[in-house]
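# One predicted model, sequence on top.
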Amino acid sequence: MTTEAGGPTVLVVEDEAPMRRLLRASLAAHGYQVLEAETGGAAVIAASTQNPAVVLLDLGLPDVDGVDLTRELRGWSRVPILVLSARGREQDKVDALDAGADDYVTKPFGMNELLARVRVLLRHAAERSGGDAEPIYRSGELVVDLARREVTRAGVLVHLTPTEHRLLALLVRHAGRVVTHRQILEDVWGPAYRRRTHYVRVHMAELRKKIETEPARPRFISTELGVGYRMREGDGPDGA
Ligand code: CA
(Lines give C-alpha, C1' and ligand atoms only; values in the text may rest on other atoms or scores of the structure.)
Protein backbone atom coordinates (compact mmCIF):
# COMPACT_ATOMS: atom_id res chain seq x y z
CA MET A 1 0.00 0.00 0.00
CA THR A 2 2.99 2.35 0.09
CA THR A 3 3.60 4.98 -2.55
CA GLU A 4 6.99 6.08 -3.88
CA ALA A 5 9.91 5.45 -1.56
CA GLY A 6 11.66 8.18 0.38
CA GLY A 7 9.68 10.07 2.98
CA PRO A 8 8.60 8.95 6.45
CA THR A 9 5.73 6.49 6.66
CA VAL A 10 2.43 7.75 8.04
CA LEU A 11 -0.21 5.29 9.22
CA VAL A 12 -3.69 6.71 8.66
CA VAL A 13 -6.29 5.08 10.91
CA GLU A 14 -9.69 6.25 9.69
CA ASP A 15 -12.88 4.38 8.81
CA GLU A 16 -14.30 7.01 6.45
CA ALA A 17 -13.06 6.37 2.93
CA PRO A 18 -13.31 9.98 1.65
CA MET A 19 -11.26 11.23 4.61
CA ARG A 20 -8.69 8.46 4.04
CA ARG A 21 -8.40 9.40 0.38
CA LEU A 22 -7.96 13.07 1.22
CA LEU A 23 -5.26 12.33 3.80
CA ARG A 24 -3.47 9.90 1.51
CA ALA A 25 -3.43 12.37 -1.39
CA SER A 26 -2.19 15.27 0.72
CA LEU A 27 0.45 13.26 2.57
CA ALA A 28 1.71 11.59 -0.61
CA ALA A 29 1.92 14.99 -2.33
CA HIS A 30 4.27 16.05 0.46
CA GLY A 31 6.55 13.06 0.06
CA TYR A 32 5.19 10.81 2.80
CA GLN A 33 4.57 7.13 2.35
CA VAL A 34 1.07 6.28 3.45
CA LEU A 35 -0.39 3.19 5.10
CA GLU A 36 -4.11 2.91 5.72
CA ALA A 37 -6.14 1.09 8.34
CA GLU A 38 -9.95 1.17 8.52
CA THR A 39 -10.22 -0.39 11.96
CA GLY A 40 -8.38 -0.46 15.26
CA GLY A 41 -7.51 -4.11 14.68
CA ALA A 42 -5.90 -3.35 11.34
CA ALA A 43 -4.13 -0.38 12.91
CA VAL A 44 -2.49 -2.54 15.58
CA ILE A 45 -1.25 -4.98 12.94
CA ALA A 46 0.06 -2.19 10.69
CA ALA A 47 1.72 -0.35 13.57
CA SER A 48 3.44 -3.50 14.84
CA THR A 49 4.62 -4.79 11.46
CA GLN A 50 5.26 -1.69 9.31
CA ASN A 51 7.02 0.60 11.80
CA PRO A 52 5.33 3.87 10.83
CA ALA A 53 7.03 7.16 11.77
CA VAL A 54 3.75 8.70 12.89
CA VAL A 55 0.13 7.58 13.36
CA LEU A 56 -2.91 9.71 12.44
CA LEU A 57 -5.75 8.30 14.49
CA ASP A 58 -9.44 9.01 14.07
CA LEU A 59 -11.09 8.60 17.47
CA GLY A 60 -14.41 7.32 16.08
CA LEU A 61 -13.58 3.83 14.81
CA PRO A 62 -16.06 1.00 14.24
CA ASP A 63 -14.39 -1.72 16.34
CA VAL A 64 -12.56 0.02 19.19
CA ASP A 65 -12.58 3.32 20.98
CA GLY A 66 -9.74 5.52 19.74
CA VAL A 67 -8.71 6.36 23.31
CA ASP A 68 -8.39 2.64 24.16
CA LEU A 69 -6.42 2.10 20.97
CA THR A 70 -4.07 4.94 21.92
CA ARG A 71 -3.49 3.31 25.30
CA GLU A 72 -2.84 -0.06 23.64
CA LEU A 73 -0.33 1.37 21.15
CA ARG A 74 1.39 3.28 23.95
CA GLY A 75 1.79 0.00 25.81
CA TRP A 76 4.52 -1.12 23.42
CA SER A 77 5.30 1.77 21.05
CA ARG A 78 6.59 5.33 21.28
CA VAL A 79 5.38 6.18 17.77
CA PRO A 80 3.99 9.74 17.72
CA ILE A 81 0.18 9.67 17.67
CA LEU A 82 -1.80 12.58 16.23
CA VAL A 83 -5.50 12.32 17.02
CA LEU A 84 -8.18 13.44 14.57
CA SER A 85 -11.25 14.38 16.53
CA ALA A 86 -14.69 15.78 15.73
CA ARG A 87 -15.39 19.32 16.87
CA GLY A 88 -16.93 19.82 20.27
CA ARG A 89 -15.60 16.63 21.84
CA GLU A 90 -13.11 18.28 24.17
CA GLN A 91 -13.17 15.44 26.68
CA ASP A 92 -12.30 12.90 23.95
CA LYS A 93 -9.21 14.90 23.05
CA VAL A 94 -8.20 15.24 26.68
CA ASP A 95 -8.70 11.52 27.28
CA ALA A 96 -6.65 10.65 24.18
CA LEU A 97 -3.83 13.00 25.17
CA ASP A 98 -3.83 11.67 28.72
CA ALA A 99 -3.76 8.12 27.28
CA GLY A 100 -0.53 8.98 25.46
CA ALA A 101 -1.47 10.71 22.22
CA ASP A 102 0.97 13.51 21.33
CA ASP A 103 -1.35 16.04 19.76
CA TYR A 104 -4.68 16.48 18.02
CA VAL A 105 -6.38 18.35 15.23
CA THR A 106 -10.08 19.07 15.21
CA LYS A 107 -12.25 18.08 12.24
CA PRO A 108 -12.77 19.84 9.95
CA PHE A 109 -9.10 20.79 9.87
CA GLY A 110 -6.91 22.69 7.45
CA MET A 111 -4.49 20.38 5.68
CA ASN A 112 -1.62 22.83 6.21
CA GLU A 113 -2.20 22.73 9.93
CA LEU A 114 -2.27 18.95 9.94
CA LEU A 115 0.96 18.75 7.93
CA ALA A 116 2.62 21.24 10.27
CA ARG A 117 1.61 19.14 13.29
CA VAL A 118 3.03 16.03 11.62
CA ARG A 119 6.33 17.81 11.01
CA VAL A 120 6.49 18.88 14.67
CA LEU A 121 5.95 15.30 15.83
CA LEU A 122 8.60 13.93 13.47
CA ARG A 123 11.07 16.59 14.56
CA HIS A 124 10.51 15.83 18.23
CA ALA A 125 10.86 12.10 17.61
CA ALA A 126 14.17 12.73 15.81
CA GLU A 127 15.42 14.89 18.68
CA ARG A 128 14.42 12.26 21.22
CA SER A 129 16.44 9.60 19.42
CA GLY A 130 19.36 12.03 19.01
CA GLY A 131 20.23 12.04 22.70
CA ASP A 132 19.10 13.73 25.86
CA ALA A 133 20.92 17.07 25.62
CA GLU A 134 18.50 19.91 26.33
CA PRO A 135 18.37 22.27 23.34
CA ILE A 136 18.08 26.01 23.85
CA TYR A 137 14.59 27.22 22.99
CA ARG A 138 14.26 30.48 21.06
CA SER A 139 11.09 32.19 19.93
CA GLY A 140 11.32 35.85 19.02
CA GLU A 141 12.88 37.66 21.98
CA LEU A 142 12.28 34.75 24.36
CA VAL A 143 15.18 32.39 25.08
CA VAL A 144 14.90 29.44 27.45
CA ASP A 145 18.08 27.60 28.37
CA LEU A 146 16.83 24.52 30.20
CA ALA A 147 20.27 23.17 31.05
CA ARG A 148 21.27 26.43 32.76
CA ARG A 149 17.74 27.10 34.06
CA GLU A 150 17.95 30.55 32.52
CA VAL A 151 15.16 32.51 30.84
CA THR A 152 15.69 35.83 29.07
CA ARG A 153 13.33 38.15 27.22
CA ALA A 154 14.97 40.65 24.86
CA GLY A 155 18.25 39.90 26.61
CA VAL A 156 16.89 40.65 30.09
CA LEU A 157 16.95 37.89 32.68
CA VAL A 158 13.45 36.78 33.73
CA HIS A 159 13.15 35.66 37.34
CA LEU A 160 10.86 32.65 37.70
CA THR A 161 9.81 30.78 40.80
CA PRO A 162 10.75 27.07 40.82
CA THR A 163 7.13 26.19 40.01
CA GLU A 164 6.99 28.63 37.11
CA HIS A 165 10.26 27.25 35.81
CA ARG A 166 9.00 23.66 35.93
CA LEU A 167 5.83 24.76 34.15
CA LEU A 168 7.73 26.59 31.43
CA ALA A 169 10.26 23.77 31.04
CA LEU A 170 7.47 21.24 30.50
CA LEU A 171 5.86 23.40 27.80
CA VAL A 172 9.21 24.09 26.12
CA ARG A 173 10.00 20.36 25.97
CA HIS A 174 6.66 19.90 24.20
CA ALA A 175 6.94 23.06 22.08
CA GLY A 176 4.50 23.00 19.18
CA ARG A 177 2.39 20.31 20.87
CA VAL A 178 -0.46 20.56 23.31
CA VAL A 179 0.02 19.65 26.97
CA THR A 180 -3.12 18.81 28.96
CA HIS A 181 -4.05 20.26 32.35
CA ARG A 182 -3.62 16.83 33.86
CA GLN A 183 -0.16 16.34 32.33
CA ILE A 184 0.88 19.72 33.71
CA LEU A 185 -0.46 18.97 37.19
CA GLU A 186 1.19 15.54 37.31
CA ASP A 187 4.51 16.79 36.01
CA VAL A 188 4.80 20.04 37.94
CA TRP A 189 2.99 19.20 41.19
CA GLY A 190 2.70 15.41 41.22
CA PRO A 191 0.00 12.77 40.60
CA ALA A 192 -1.91 13.63 43.80
CA TYR A 193 -2.67 17.09 42.38
CA ARG A 194 -4.19 16.09 39.07
CA ARG A 195 -7.59 17.61 39.88
CA ARG A 196 -6.28 20.98 41.06
CA THR A 197 -6.84 22.65 37.71
CA HIS A 198 -6.89 26.08 39.35
CA TYR A 199 -3.18 25.68 40.25
CA VAL A 200 -2.39 25.69 36.54
CA ARG A 201 -4.54 28.75 35.87
CA VAL A 202 -2.98 30.76 38.68
CA HIS A 203 0.65 29.92 37.91
CA MET A 204 0.12 30.22 34.15
CA ALA A 205 -1.16 33.75 34.69
CA GLU A 206 1.97 34.60 36.70
CA LEU A 207 4.24 33.01 34.12
CA ARG A 208 2.57 34.90 31.30
CA LYS A 209 2.98 38.19 33.15
CA LYS A 210 6.71 37.54 33.19
CA ILE A 211 7.34 36.30 29.67
CA GLU A 212 4.55 37.81 27.56
CA THR A 213 4.49 41.46 26.47
CA GLU A 214 0.69 41.40 26.57
CA PRO A 215 -0.37 38.63 28.94
CA ALA A 216 -4.00 38.97 27.82
CA ARG A 217 -2.94 38.26 24.23
CA PRO A 218 -0.22 35.66 24.70
CA ARG A 219 2.21 35.02 21.86
CA PHE A 220 4.35 32.29 23.37
CA ILE A 221 1.88 30.12 25.25
CA SER A 222 -1.55 29.69 23.72
CA THR A 223 -4.60 28.36 25.54
CA GLU A 224 -6.18 25.24 24.03
CA LEU A 225 -9.68 25.75 25.34
CA GLY A 226 -10.87 22.91 27.58
CA VAL A 227 -7.71 20.90 26.88
CA GLY A 228 -4.50 22.58 27.99
CA TYR A 229 -1.72 24.80 26.65
CA ARG A 230 0.63 24.89 23.70
CA MET A 231 4.05 26.57 23.59
CA ARG A 232 4.87 28.15 20.26
CA GLU A 233 7.31 26.11 18.22
CA GLY A 234 10.85 27.50 18.48
CA ASP A 235 12.33 29.63 15.70
CA GLY A 236 15.62 28.34 14.46
CA PRO A 237 17.54 25.08 14.31
CA ASP A 238 18.83 25.88 17.80
CA GLY A 239 15.36 26.45 19.16
CA ALA A 240 13.19 23.99 17.28
CA1 CA B 1 -14.69 7.79 12.13
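All right, it came through fine. Just so it is clear, the model here is predicted, and its values are computed rather than measured. Numbering: from 1, shown residues only.
# Just list the residues touching Asp15, thanks.
The contact partners of Asp15, by Cβ atoms under 8 Å, 6 or more residues apart in numbering, come to Glu38, Thr39, Asp58, Gly60, Leu61, Pro62. C-betas here are computed from N, CA, C, even on glycine.
# most neighbours, which of these?
If you count neighbours using other Cβ atoms under 10 Å, the busiest of the contacts of Asp15 is Asp58, which has 24 neighbours.
# partners of that one in the sheet?
Leu84 (DSSP bridges).
# okay, it: pLDDT?
Each residue has a pLDDT score; the one for Asp58 is 95.
# Would you agree it is in contact with Leu84?
Yes. Asp58 is within contact range of Leu84, at 4.8 Å (criterion: Cβ atoms under 8 Å).
# Overlap of the contact sets of those two?
Counting by Cβ under 8 Å, 6+ apart, the residues touching both Asp58 and Leu84 are Glu14, Met19.
# Check which residues of the lengthiest helix in the chain are buried.
Ranked by residue count and defined by DSSP state H, the top helix of the chain is helix 111-129. By neighbour count with 16 or more other Cβ atoms under 10 Å, helix 111-129 contains the buried residues Leu114, Arg117, Val118, Arg119, Val120, Leu121, Leu122, Arg123, His124, Ala125.
# so where's the protein shaky on pLDDT?
1-5, 87-88, 131-133, 236-240 (pLDDT under 70).
# need the residues of it near the ion, please.
Contacts of the chain with the ion, taken as Cβ under 5 Å from the ion, map to Asp15, Asp58, Gly60.
# Wait, a strand at the first one?
No. With DSSP: H, G, I helix; E, B strand; the rest coil as the criterion, Asp15 is assigned coil and is not in a strand.
# give the contact list for the closest residue to the ion within the chain.
Nearest residue of the chain to the ion, counting by Cβ to the ion: Gly60, 3.6 Å away. Taking Cβ under 8 Å, 6+ apart, we find Gly60 in contact with Asp15, Gly66, Ala86.
# next one: Leu121
Val54, Pro80, Leu82, Asp102, Asp103, Arg177.
# Bridge partners for the residue located most distally from the centre of the chain, pull those for me.
Centroid-distance maximum for the chain: Val156 at 29.4 Å, with Cα atoms, centre = their mean. Applying DSSP bridges to Val156 gives these bridge partners: Arg153.
# Next up, the contacts around the residue nearest to Leu57 when sequence neighbours are not counted.
Spatial nearest neighbour of Leu57, chain neighbours left out: Val13 (4.7 Å); criterion: Cβ to Cβ, 6 or more residues apart in numbering. Contact analysis of Val13 by Cβ under 8 Å, 6+ apart lists Ala37, Gly40, Ala42, Ala43, Val55, Leu56, Leu57, Asp58, Leu61, Gly66, Leu69.
# Isn't His203 up against Leu167?
Yes. Taking Cβ under 8 Å as the definition, His203 is a contact partner of Leu167 at 5.7 Å.
# Compare the two (neighbour count), which wins?
Leu167 (25 against 19).
# Dihedrals phi and psi, that one?
The phi and psi torsions at Leu167 (degrees, to the nearest 10) take the values phi -60, psi -50.
# Leaving aside the residues adjacent along the chain, what's closest to it?
Val188 (5.3 Å).
# Was I right to think that neighbour contacts Leu170?
Yes. With contact defined as Cβ under 8 Å, Val188 and Leu170 form a contacting pair (6.4 Å).
# okay, those two: which has more neighbours?
Shown here are Val188 and Leu170; by other Cβ under 10 Å, Val188 has more neighbours (20 against 17).
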